[in-house]
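Trainee: sharing a model prediction with you, sequence too.
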Amino acid sequence: MEITCYREIELHRDSRLLPAAVYNTAHVLLAHSKDGVVFVPIRNMQFLAVIDREEIVFLDAEHKSLVDIAWQNFRPQQRSTLTEPVPYEAVFYNKNAKETMQRLLGEFPPALRALAAKDSPSIAARIIKLERNR
């Protein structure tokens, strides 16, 4: 799948912290991606998240190629453990983006987990009984 994204003029930028579980899951999916990009449908909002190595952009289904919000400048090197949140910047391109951001913070993590659950390989397991020689 290929999508061309366009940006309007940046209206606002905020420094924020992304929960470690969200950041880590996004980067595990990205590491498994053949094309270096991951598309995450956020069905409850009719949004699409596009994850690449530089940022996560959010596209509204109404304006399919216009970026509403971008999460950029992730700084995972600033954390001392993998469970600490990751600093980043949220960039808003739409006047309603702050309200959208509040919804994204609740809807994006479950959509990401759902995609990760589909992406994880299921391997049949069997138990091998080890017996001691006496």
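Mentor: That came through fine. Bear in mind that the values here come from a model prediction, so they are computed numbers and not experimental data.
Trainee: and Gln46, how many neighbours?
Mentor: 11 (other C-beta atoms under 10 Å). C-beta: built from backbone N, CA, C; applies to glycine.
Trainee: ranges for the strands of the chain?
Mentor: Taking DSSP state E as the criterion, the chain contains strands spanning 12-18, 38-42, 47-51, 56-60, 67-72, 86-92.
Trainee: now do the same contact list for the residue positioned nearest the centre of the chain.
Mentor: Centroid check for the chain by C-alpha atoms, centre = their mean gives Ala26 as the closest residue, at 4.4 Å. Shown in contact with Ala26 (C-beta atoms under 8 Å, 6 or more residues apart in numbering): 38, 51, 56, 112.
Trainee: most tightly packed of the strands of the chain?
Mentor: A comparison of the strands of the chain by mean neighbour count, using mean count of other C-beta atoms under 10 Å, puts strand 56-60 on top with a mean of 22.
Trainee: now that one, how far from the chain's geometric center?
Mentor: 10 Å (C-alpha atoms, centre = their mean, to the nearest Å).
Trainee: give me the residues contacting stretch 75-90.
Mentor: Contacts of stretch 75-90 (C-beta under 8 Å, 6+ apart): 13-20, 23-24, 69-74, 101.
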